[in-house]
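K.L.:
sequence first, then the predicted structure, then my questions.
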Amino acid sequence: MAYRFVTMTKHKTSPDAGTAVAIATSQAALDAEGKVRTKVQLLPFGDPIYGRDGRGPYRLADAAHAQAVIDTTLAVQNGTELFIDYDHQSVLAVPKGGTARAAGWIKALTVEADGIHGQVEWTAAAHQALQAGEYRYISPHFRFAQKDGRITRLVNAGLTNSPNLDLAAIASADMDTDEADDDEGDTKSMKAIASALGLADDASEEEVLAAIKDMMEKSTAQSAQLAAIDTTLGEVRVAVGLAADADGAAIAAALAEKTAAIDPAQFVPRASYDALAKTVREGAEAAAIAAVDQAVADGKVPPVQRDWALDLAKKDLASFHSFLDAAVPFAAGDMLNTKTDADKSKLTAEESAIASQLGLTEDQFLKARDEGKN
């Protein structure tokens, strides 16, 4: 595979044990038409990648590796945005008491055909400086595994005009190191962190970060559970009449007292209650049906009015019995149709009495009587 050359300088200190830092001059910030790019290449593919000053090798093998770099970067950032500064001042000036203004913010990271790209939102000052040609290049600041040069994550990026030798000179002047001692300390720190997380001593950076992320997610879930429990305990305190700051022992004692005061004889199991209620309903319905059928047999309810009578009896059996007490039985032939066609629209005296007892108008009774014949 062809080598990709970028200008890089390595720095000593880092919170990422077992890795080192590199800064690489990468891509011009203006496109071919002289317009400020809003999507810039931050890391190129290459296995290996060497800097022009010979530093390396660094590796960004393929799309899967690039996506792992993005995932690790986002996990470390934990919701904060990557930024672009001027001349890597956040690396070189801030440790000495200087400041590092943001030139832009990286809103998204994507894997493209030639490497990792970032979607940038420039500040107004940076956009003007780029358009005026005061700055030209984007220089990524990234971490890599010391044992094999495998790039692990992005730290940030910087606007720069520094050529290769300037970057190398800055590295040697500002970052005097005893690299062997630093590597040994990083290795010890990594082993200690891995051991605390229950991992093997030789766990990779990705494994350590994944374990830390998992621990943070579990901690967040536990915090939510504790908050829910605390809310529930507050409601219990109110229910048993305790103060808002009553402790667990006081709550337990109050609940025990409330439980002891409950008389079991005043309660029945829900299953027993449901079975009894069903029996009562079925018995009431059977009693209503029997009362209506008897009333029809006794001539106190016309057969055509059976449905009405049954509806009343089911709703209020006592009211139905009150109606029967006042009802006058009619003769067996009273409801027969012995009228001529001329008299079919009139009620007999007996029919009028029954209608009155049933609380029906003449038209309602005639309708019920004629429907019963059909």
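P.N.:
That came through, no problem.

K.L.:
worst-scoring helix or strand of this protein, pLDDT-wise?
P.N.:
helix 164-174 (a mean of 28; mean pLDDT, DSSP states H and E).

K.L.:
which strands or helices does the host helix or strand of G118 pack on?
P.N.:
If you go by DSSP states H and E, G118 is part of strand 115-122. For strand 115-122, the packing partners by 3 or more C-beta pairs under 8 Å, 6 or more residues apart in numbering; DSSP states H and E come out as strand 39-44, helix 63-77, strand 102-112. (Each C-beta comes from the backbone N, C-alpha and C, glycine too.)

K.L.:
looking at these, which is buried most?
P.N.:
Of all the helices and strands packed on strand 115-122, strand 39-44 has the most neighbours on average by mean count of other C-beta atoms under 10 Å, namely a mean of 20.

K.L.:
how's this structure carved up into domains?
P.N.:
The chain breaks down by automatic domain parsing into domains covering 4-176, 271-373.

K.L.:
and Q266, which of the helices and strands packed on strand 115-122 is closest to it?
P.N.:
helix 63-77 (58.5 Å; C-beta to C-beta).

K.L.:
next SSE downstream of the closest one?
P.N.:
Defined by DSSP H and E, the subsequent element after helix 63-77 is strand 82-86.

K.L.:
dump the C-alpha coordinates for the following helix or strand past that following strand into PDB.
P.N.:
Next in sequence after strand 82-86, counting helices and strands by DSSP H and E, comes helix 89-92. Extracted C-alpha coordinates of helix 89-92, given in PDB (Å, rounded to 0.1, in the frame of the first residue of the first chain):
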ATOM      1  CA  GLN A  89      -2.600  26.800  21.200                       C
ATOM      2  CA  SER A  90      -4.700  24.500  23.300                       C
ATOM      3  CA  VAL A  91      -1.700  22.100  23.300                       C
ATOM      4  CA  LEU A  92       1.200  24.500  23.300                       C
END
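
K.L.:
check which helices and strands helix 89-92 is in contact with.
P.N.:
Contacts defined by 3+ C-beta pairs under 8 Å, 6+ apart place helix 89-92 against strand 151-160.

K.L.:
now do the contacts for the closest residue to L109 other than its chain neighbours.
P.N.:
In this structure, L109 finds its nearest non-sequential neighbour in I70, 4.6 Å apart by C-beta to C-beta, 6 or more residues apart in numbering. Counting by C-beta atoms under 8 Å, 6 or more residues apart in numbering, I70 touches 109-111, 116, 154.
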